[in-house]
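In: here is a sequence together with a model predicted from it:
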Amino acid sequence: MSFLPTTRDWVAARPKDLVAGLTVAVVALPLALGFGVASGLGAAAGLATAIVAGALAAVFGGSSLQVSGPTGAMTVVLVPIVARFGPGGVLTVGLLAGVLLIVLALAKAGRYMRYVPAPVVEGFTIGIAAVIALQQVPAALGVPTPDGHNVVVNAVRAFGSGPAWPSVALAAGVVVVMLVGARWRPAIPFSLLAVAIGTVVAEIWALPVTRIGALPATLPAPSLSFVDLSAVWSLLPSAVAVAALAALESLLSATVADGMSVNQRHDPDRELFGQGVANVITPMFGGVPATAAIARTAVNVRSGAGSRLASLVHAATLALIMLVAAPLVSRIPLAVLAGVLLATAIRMVEVGSVRVLVRANRADALVLVLTAAATLALDLVTAVIVGLVVAGALALRAVARSVRVDEVPLDTEDHALEERALLAEHIVAYRLDGPLFFAAAHRFLLELTEIAAVSVVILRMSHVTTMDGTGALVLRDAVEKLEQRGVTVLLSGVRDEHRRQLETHGVPMFATTPEAIGHARNQLRQAGLL
């Protein structure tokens, strides 16, 4: 089976993967504990998930750079499942979701992830960030979580209960340390530093705050005793939602990892298979459903990871921490973990990407806002469906408006000699025709970044009839990838209605293609290449 690991998966392993794995483990520890507590199954469940799912997804997944474990998005889905079915129901849901993910992998469904437009993804992320932040309000205020599933209502009730100021001070201090520290020294894992400082302060002053509590020093023996066959049918809808979310977040994370690297390409179907295996096995060790974690994956890439070894070292390091430091970890105040998750929620929102999408056009802004609102008011899977339906309808409307029939005289001029001359000068010109929106943008990115042995790429944009936010973002990613390889990108013939979307990219734009060619030749002459 092509999904199974091979020796080729490890040929790129280097010593720097060890450093990257240790770095990610330091960042992942407080998040694993926090998301475990937030899910309702406890810190031990979050740590077990990071260890077991992190190791299995590293070995069986389709990306060499992914880091998997408990995530905020999955926690949002799990809270109502815990309230309705209890811990055993959550473990069963995780196992069923794993089976569904494997079925999706065998059906080769991973390729369809590329059709999710950027406004849906950004709106989904904003909504998740808001839900995570609201979930942490009771713990940050030091009050019990009110009964009920609506996070907005629970947050309001928590404020009405009267805050415990020691908890508020700890949570606020952690948020400040993480946010300020990330801007000051991004390479330093301020989340763990903030947790350590908050715990030490609580211990020295004997603050009356709730702690994590006792943690096991080892993983429990694998067991399927939690499975209740009579409840499987009632749990199946929840399992479908968890599987859909795991597929969505994992493939989005893999795409982000590809964009941050130069030569990495994930296998979407194998990624689904790896996440499926992880979710089938993790519940046997008491872990919650898992998915790839975008934030931890980004840390992994920035730390120099180049192979699966880094993710595997991350899981092994967390297992070692569990073995030797469980008593210390048990003294961490819940308010401190709430502060970590509040800061994480704030940092989830990419302001630059949101600004590009909002500026792109009203349709993208509408999709983004609707998806975020649906995520907050309904549930995550429904929110994605709402976003896709609205984005699809608006995109088809835009395409229909752009269709026109013009009488065009036949062009008998032979451009073959001109094109060969340009290639000899290491300049290549591409003409983009028709709409550049989410249904075609990712194919364009893959084709464009395969260009080789050229110094300048000119993109002729006069025939682009429609461009949405996804098209603009994908174009930016393609430009960045080419520039990383030393290729200069120029745009020509950009329409006025598209110019605003592209001005923020910093790519030189010319009114006509001959002007762009002249600029390219001058640049190559100055560089001594002509």
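Out: Now that the structure is in, tell me what you want to look at.
In: which stretches of the stretch 301-450 of the chain have low pLDDT?
Out: Scanning the stretch 301-450 of the chain for pLDDT under 70 picks out 360, 379-381, 395-425, 433-450.
In: what about the helices in it?
Out: With DSSP state H, counting those that start in this stretch as the definition, the stretch 301-450 of the chain shows helices at residue ranges 309-329, 334-348, 351-360, 362-377, 380-402, 416-424, 438-448.
In: for stretch 226-238, buried residues please.
Out: In terms of neighbour count (16 or more other C-beta atoms under 10 Å), stretch 226-238 has its buried residues at Phe226, Val227, Leu235, Ser238. (Glycine included, C-beta is placed from N, CA and C.)
In: just stretch 11-20 next, same as before
Out: In stretch 11-20, residues buried by neighbour count (16+ other C-beta under 10 Å) are Ala13, Asp17, Ala20.
In: and the longest helix that the chain contains, what other elements does it pack with?
Out: Counting by DSSP state H, the longest helix found in the chain is helix 72-106. In this structure, helix 72-106 packs against helix 15-39, helix 118-135, helix 232-260, helix 268-281, helix 334-348, helix 380-402, with contacts taken as 3 or more C-beta pairs under 8 Å, 6 or more residues apart in numbering; DSSP states H and E.
In: quick one: which of those helices is nearest Ala511?
Out: helix 380-402 (21.3 Å; C-beta to C-beta).
In: could you export the helices and strands packed on helix 72-106 as TSV, including distance to Tyr430?
Out: Conversion of the helices and strands packed on helix 72-106 to TSV gives the following (distance: least, C-beta to C-beta, whole Å):
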stretch	distance to Tyr430
helix 15-39	36
helix 118-135	22
helix 232-260	20
helix 268-281	26
helix 334-348	35
helix 380-402	20
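In: what's the closest of those to Ala520?
Out: Taking C-beta to C-beta, helix 232-260 is the member of the helices and strands packed on helix 72-106 nearest to Ala520, at 25.8 Å.
In: that closest one vs helix 268-281, what angle?
Out: Angular relation of helix 232-260 and helix 268-281 on a 0 to 180 degree scale: 130 degrees, by axes from the mean of the first three to the mean of the last three C-alpha atoms, to 10 degrees.
In: and helix 232-260, what's buried?
Out: Neighbour counts using 16+ other C-beta under 10 Å place 235, 238-239, 241-259 of helix 232-260 among the buried residues.
In: now it against helix 118-135, angle please.
Out: 120 degrees.
In: let me see the mean pLDDT of helix 232-260.
Out: For helix 232-260, mean pLDDT is 84.
In: what of stretch 82-96?
Out: Across stretch 82-96, pLDDT averages out at 92.
In: same thing with stretch 38-51?
Out: In this model, stretch 38-51 has a mean pLDDT of 91.
In: can you check stretch 129-139 too?
Out: On average, the pLDDT along stretch 129-139 is 85.
In: who touches that stretch?
Out: Counting by C-beta atoms under 8 Å, 6 or more residues apart in numbering, the neighbours of stretch 129-139 from elsewhere in the structure are 37-38, 72, 75-76, 79, 144-146, 151-152, 154-155, 158-159, 167, 171, 210, 334-335, 337-339, 341-342, 344-346, 348-349, 372, 375-376.
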